[in-house]
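J.: next input, structure requested:
(one chain, ligands or ions: 1)
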Amino acid sequence: MKCTRCRAPAEVNLRQHNSGFCRSCFVFYFQRQVERAIEKERMFHQDEAVLVAVSGGKDSLALWDVLVTEGFPTIGFHLALGIGEYSARSRARTEQFAAARGLDLHVHALADEGLAVSDVASATRRPACSACGTIKRHYFDAAALELGCDVIATGHNLDDEAARLLGNVLHWQTEYLARQRPVMQPRHEKFVRKVKPLYLTSELETATYAFMRGIDYVVEECPNAAGATQLVYKDVLDKLENVSPGTKVGFVRDFLARGSSAFAEREGDSAAQSCAGCGMPSFGALCSFCSLRAEVERKLRPREAATRRSESPQ
Ligand code: SF4
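T.: Numbers count the residues shown, from 1 in each chain. As a prediction, this is how the structure comes out:
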């Protein structure tokens with residue numbers, strides 16, 4: 001197969017686009033795809049500060065690489081989740097990436113304040129991903145506010161979006177369908193816009209880009225992802241994509257073009273008060289993050305105190 005752009009031998013075959021690319025043309029093509037998504041969906045401008053939520057995986061690091069290459073002012077934010085070796089490796093990859101390129105990176109370690117995801121999940125008996133989601137949302141919002149960023153960019157890719165859409169459609173989660181967009185406008189003055197510049201680029205494309213750009217990323221999945229329904233949906237979509245290339249991109253793109261408007265967001269969904277714990281917007285006296293933290297305090301700290309008492313010399 002020949003490169004669609006320059007006719008050199010192709011290294012990558014993108015069946016969903018009926019195209020092949022050599023290495024340098026693929027890098028150009030990928031960066032243009034991301035740039036086009038940013039422009040078309042009016043995600044942000046060159047003069048806006050972008051907080052890039054970097055996990056250490058291929059998608060967020062590839063995204064940061066593209067944004068820096070395209071000249072967008074970025075600040076990296078890594079939340080060290082405290083999920084054993086997986087988190088240690090993720091943090092190391094992120095720090096190496098930033099250091100090698102001289103990029104501004106802020107790291108917040110949950111374990112430092114006794115909120116490692118694994119501990120929170122076991123103390124509150126919540127699914128790890130539920131606790132993790134609440135914690136991530138809080139820290140991303142708080143970091144954007146503190147660092148004066150105009151927008152938060154995450155590395156959700158086409159496969160993530162298609163799997164999420166499939167799950168939402170199968171269960172007719174109309175509220176989630178109303179919010180499934182590549183750009184979420186803030187609903188409070190302390191929040192900023194949230195965007196997903198990779199929403200139309202596949203997992204295979206981001207992995208290929210990361211490889212071609214020499215990005216060293218964490219290859220393994222988070223151990224808590226094992227058995228997640230989202231992975232089953234991804235598997236089903238992979239099978240469909242295999243027999244009918246372009247299924248995923250058509251599913252997401254056509255939903256946004258023709259289906260999304262049927263699921264309007266409800267009025268009055270914005271948080272009306274400030275959280276008594278952290279001052280961020282909240283629906284009740286405490287925001288969901290501070291409620292979770294209070295629950296951990298109640299359930300974990302007495303246990304720790306009892307352990308310390310039993311270990312102390314009589
Ligand atoms: Fe967090 Fe779950 Fe994702 Fe792991 S799989 S990073 S616990 S949301």
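J.: going forward, measure contacts between C-alpha atoms and count neighbours the same way
T.: Noted.
J.: who's in contact with residue 183?
T.: The contact partners of residue 183, taken as CA atoms under 8 Å, 6 or more residues apart in numbering, are 41, 43, 193, 194, 195, 196.
J.: among those, which one lies nearest to the ligand?
T.: residue 196 (16.3 Å; CA to the nearest ligand atom).
J.: show the pLDDT at that closest one.
T.: What the model reports as pLDDT for residue 196 is 98.
J.: also residue 217?
T.: At residue 217, pLDDT is 97.
J.: give me the contacts around stretch 243-252.
T.: Here stretch 243-252 has contacts from 15, 16, 17, 158, 159, 161, 162, 165, 200, 237, 240, 241, using CA under 8 Å, 6+ apart.
J.: ChimeraX command to pick out the buried ones of those?
T.: Buried members of the contacts of stretch 243-252, defined by 16 or more other CA atoms under 10 Å, are picked up in ChimeraX with:
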select :16,158,159,161,162,165,200,237,241
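J.: need the max-distance pair from the contacts of stretch 243-252.
T.: 15 and 165 (21.8 Å; CA to CA).
J.: flag every residue of this protein that's near the ligand.
T.: Taking CA under 6 Å from any ligand atom as the contact definition, the chain meets the ligand at 128, 129, 132, 133, 222, 224, 225.
J.: weed out the non-buried ones from those residues.
T.: 128, 132.
J.: and the residues of the chain next to the ligand, which of them are in helices?
T.: Those of these mapping onto helices are 128, 129, 132, 133, per DSSP state H.
J.: show me what contacts whichever residue of the chain sits closest to the ligand?
T.: Going by CA to the nearest ligand atom, the ligand is nearest to residue 129 of the chain, at 3.5 Å. Contacts for residue 129 (CA under 8 Å, 6+ apart) come out as 224, 225.
J.: restricting to C-alpha, output stretch 117-132 in CSV.
T.: Below are the C-alpha coordinates for stretch 117-132, written out as CSV (Å, rounded to 0.1, in the frame of the first residue of the first chain):
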residue,chain,number,x,y,z
VAL,A,117,-8.3,5.6,45.4
SER,A,118,-7.7,2.1,46.7
ASP,A,119,-8.0,3.3,50.3
VAL,A,120,-11.1,5.3,49.6
ALA,A,121,-12.8,2.5,47.8
SER,A,122,-12.1,0.0,50.6
ALA,A,123,-13.1,2.4,53.4
THR,A,124,-16.4,3.4,51.7
ARG,A,125,-17.1,0.1,50.0
ARG,A,126,-17.8,2.0,46.7
PRO,A,127,-16.6,0.7,43.4
ALA,A,128,-13.1,2.1,42.8
CYS,A,129,-14.1,3.7,39.5
SER,A,130,-17.0,5.6,41.2
ALA,A,131,-14.7,7.0,43.9
CYS,A,132,-12.0,7.7,41.3
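J.: and that stretch, how far out from the chain middle?
T.: Centroid separation for stretch 117-132 versus its chain: 18 Å, with CA atoms, centre = their mean, to the nearest Å.
J.: strands of this protein, residue ranges please.
T.: 12-14, 19-21, 50-53, 74-80, 105-109, 151-153, 183-184, 193-195, 273-274, 281-282 (DSSP state E).
J.: so where is this structure shaky, pLDDT-wise?
T.: Of all residues in the chain, those with pLDDT under 70 make up the ranges 266-271, 301-314.
J.: ok so, going back, can I get the ones in helices among the residues of the chain next to the ligand in CSV including distance to residue 98?
T.: Shown next, in CSV, are these (distance: CA to CA, whole Å):
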residue, distance to residue 98
128, 28
129, 27
132, 24
133, 24
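J.: and the residues you listed, which is closest to residue 114?
T.: Using CA to CA, residue 132 comes nearest to residue 114 of those, at 13.6 Å.
J.: so that closest one sits against residue 117, correct?
T.: Yes - the criterion here is CA atoms under 8 Å, and residue 132 meets it with residue 117 at 5.9 Å.
J.: show me the common contact partners of these two, please.
T.: Counting by CA under 8 Å, 6+ apart, the common neighbours of residue 132 and residue 117 are residue 81.
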